[in-house]
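Engineer: Next input, structure requested:
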Amino acid sequence: MRQIARLFAIALLSATATNAVAADAVYPRGIRVGIVPMPGLNQSTAFLGFESGDQGVKVLVSELPGPAFDQIDAAFKAAPEGSLGNVKPEKIETAAGNGYFTAEDAVVGPDKVRRYSLIVPGSKLFSGYVAVQVPATEAKTYSDEAIKKMLSSVSVRQQVPVDEQVAQMPFKIRELGDFKTVRTLAPGAALLLTDGNEEAVETGPFMVLGLIGSVPEKTDDRARFAQQAAEAIPGVRESKITMSEPMRIDGAPGFETRVTGVSGKNNTPVTVVQWLRFGSANVAMRVIGSSPKDQWETAFPRFRKVRDGLQPR
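Structural biologist: Modelled structure (predicted):
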């Protein structure tokens, strides 16, 4: 099925019948989907998942948006018989609940491979997805039944320990500003801090911590870059820059830009601050703090506290 092939490709570019006990599952850094890997497979340092010693066998583990499982479930059920070609989705029981398993042959360059996928429900906020690629030369060890057995061990956890999430970031985070929820948006790249839940973050103060690339070297160009980045902050509509000026952040050159606008389905008036902390390369540390306008006075000191607690590794 094309949808499954696309999901596998996305996971690859981003890097990403026994009932196994969930506690035995190994969770790749910072995500809520885990698996009991087959012997000979170790955690990869190049992507979220596992691979063999020769890097021929790959198991990519990832999260998809919450509705993904229900959408795939509906698509499989609605598909006319024979319309999926050689892909025959099979419902299997996993530690995370019933999921859809597929297997198909493919060619990567000159090599024949066998591809497998599994999608499982997680919660309203995420679905679990695992993609496996096995070279034809390894088919005896990594047979269809062996892979299916491994995939049946897939489990999910609803929370990732805060320390685990923070440790994956490319900079040190010494202060969380008393935010109640910490959530990885992109493993090792972006972190969300919020007081509420992930379904309605715009109803209260929240922060996004990460990096931004393609930073210009000249000061004048950085001013324009900071403003363009602030105007492109996702989720803020009718945005208007109210302040943008250079500053020093813990002795390093930086830029502060403030924006007003509306956010969320209720068009909540918000005030947003973006700090860029420049380094020696063309990458800057990016800190975004957003708050409903009527909560700004209490939210801003918290934003600044988190900003001041960030340090390069």
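
Engineer: Contact partners for the closest residue to residue 203 other than its chain neighbours?
Structural biologist: Setting aside the residues directly before and after it, residue 203 is nearest to residue 196 in space (C-beta to C-beta, 6 or more residues apart in numbering), at 5.8 Å. Where you see a C-beta, it was placed from the backbone N, CA and C, and this is true even at glycine. Taking C-beta atoms under 8 Å, 6 or more residues apart in numbering, we find residue 196 in contact with 180-181, 203-204, 206.

Engineer: between these, which is closest to residue 33?
Structural biologist: The nearest member of these to residue 33, counting by C-beta to C-beta, is residue 181 at 18.9 Å.

Engineer: Give me the pLDDT for that closest one.
Structural biologist: Looking at residue 181, its pLDDT reads 91.

Engineer: bridging residues for the residue nearest to it when sequence neighbours are not counted?
Structural biologist: The shortest distance from residue 181 to any residue other than its chain neighbours is 4.9 Å, reached at residue 194 (C-beta to C-beta, 6+ apart). Here residue 194 sits in beta bridges with residue 181, residue 206, going by DSSP bridges.

Engineer: check contacts around residue 194.
Structural biologist: 179-181, 183, 201, 204-207.

Engineer: Name only those of those that count as buried.
Structural biologist: With neighbours counted by 16 or more other C-beta atoms under 10 Å, the contacts of residue 194 contain buried members at 179, 181, 183, 201, 204-207.

Engineer: and which of these is nearest to residue 127?
Structural biologist: Distance ranking of those against residue 127, using C-beta to C-beta, places residue 183 first at 15.7 Å.

Engineer: tell me which element the closest one falls in.
Structural biologist: Residue 183 belongs to strand 181-186 when elements are defined using DSSP states H and E.

Engineer: and whichever strand or helix holds residue 304, what other elements does it pack with?
Structural biologist: When elements are assigned from DSSP H and E, residue 304 belongs to helix 296-308. Counting contacts by 3 or more C-beta pairs under 8 Å, 6 or more residues apart in numbering; DSSP states H and E, helix 296-308 is packed against strand 206-212, strand 268-278, strand 284-292.

Engineer: Toward the C-terminus, what is the element adjacent to the first one?
Structural biologist: Using DSSP H and E, the helix or strand that directly follows strand 206-212 along the chain is helix 219-231.

Engineer: For that next one, buried residues please.
Structural biologist: Using 16+ other C-beta under 10 Å as the burial criterion, the residues of helix 219-231 that qualify are 222-223, 225-227, 229-230.

Engineer: Could you dump these into CSV with pLDDT and distance to residue 40 added?
Structural biologist: Formatted as CSV, the entries for the buried residues of helix 219-231 read as follows, by pLDDT from 0 to 100; distance: C-beta to C-beta, whole Å:
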residue, pLDDT, distance to residue 40
222, 93, 49
223, 93, 53
225, 96, 47
226, 96, 48
227, 96, 52
229, 96, 44
230, 97, 48
